[in-house]
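1. Predicted coordinates and the sequence they were generated for:
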Amino acid sequence: MGNYINEYIFSPLVYRDAENSTVSFDRLITYDVLNTVYGGQVVSERIRRIIEEHFPNEVQFFDAIFYYKGKMCNSYSAMNIHNHIECYDMEKSIYSISPVDKSYEFEKRTLIASPLEEYGINYNIVRCSFDNQIVVSEMFRKVIKANKFNCMSFAKELEIYY
């Protein structure tokens, strides 16, 4: 995921657990956002409804099924955040460029101060073009906080310590 998907998907996307988690199935399905082993996110119907209502056309959703600890759940959707823009203040961020594949390796990410905008289009949820991390607007953050979703947090800067 991460690019707009034009094809119609006829059947739900299927995810399986990593089989090394200690969280119970009943506890897991109380969360509104779950990160998958493959790097994507599946979200509850509640968060899907709010995102579609407030931020139409910024995210694609696909029906999903996941299996966890021998149980099946079909009340979540795979979320595809397909808009990519430059979101970091590279002068304030600390990073290196991998000599192998030229990808960015960040020790500290500092967000730009301006809105999430590119070519005159303002966005509320995007992936950063430098490292594919999800970045959201202040409006998105406020809507999510107002709805008291479980298992989401926000950071203005992200430092990674090795």
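-> Nice, thanks for sending it over.
2. now the strands for the protein?
-> Here the chain has its strands, by DSSP state E, at 13-16, 33-35, 41-44, 60-68, 71-80, 84-85, 94-97, 104-110, 117-118, 121-122, 125-128, 134-136, 157-159.
3. OK, contacts around residue 99?
-> Residue 99 sits next to no residue when contact means CB atoms under 8 Å, 6 or more residues apart in numbering. Every C-beta, even on glycine, is put in place using the N, C-alpha and C of the backbone.
4. Would you list the phi and psi of it?
-> When read as degrees, to the nearest 10, the backbone of residue 99 gives phi -70, psi -20.
5. Please report how far it lies from residue 133.
-> 22 Å (CB to CB, to the nearest Å).
6. same question, residue 81
-> Residue 81 sits 10 Å away from residue 133, going by CB to CB.
7. who has more neighbours, those two?
-> Using other CB atoms under 10 Å, the more surrounded residue of residue 81 and residue 133 is residue 81, with 20 against 14.
8. List the beta-bridge partners for the one residue sitting closest to the centre of the chain.
-> Central residue of the chain (CA atoms, centre = their mean): residue 134, 5.0 Å from the mean position. On the basis of DSSP bridges, residue 134 is bridged to residue 127.
9. show me the contacts for it.
-> 81, 125-128.
10. from those, which single one is nearest residue 75?
-> Comparing the contacts of residue 134 against residue 75 with CB to CB picks out residue 81 as the nearest, at 20.5 Å.
11. That closest one and residue 92: what is the separation?
-> 24 Å.
12. residues contacting residue 103?
-> So residue 103 contacts 97, 131 (CB under 8 Å, 6+ apart).
13. again, but for residue 52
-> 59, 61.
14. measure it to residue 17 for me?
-> 27 Å.
15. ok, now residue 83?
-> Applying CB to CB to residue 83 and residue 17 gives a distance of 29 Å.
16. Same check on residue 65?
-> 12 Å.
17. Number of residues surrounding residue 104?
-> Counted with other CB under 10 Å, the neighbours of residue 104 add up to 17.
18. residues contacting the closest residue to it other than its chain neighbours?
-> Of all residues not flanking residue 104 in the chain, residue 130 sits nearest, at 4.6 Å (CB to CB, 6 or more residues apart in numbering). Residues counted as contacts of residue 130 (CB under 8 Å, 6+ apart) are 86-88, 90, 95, 104, 106.
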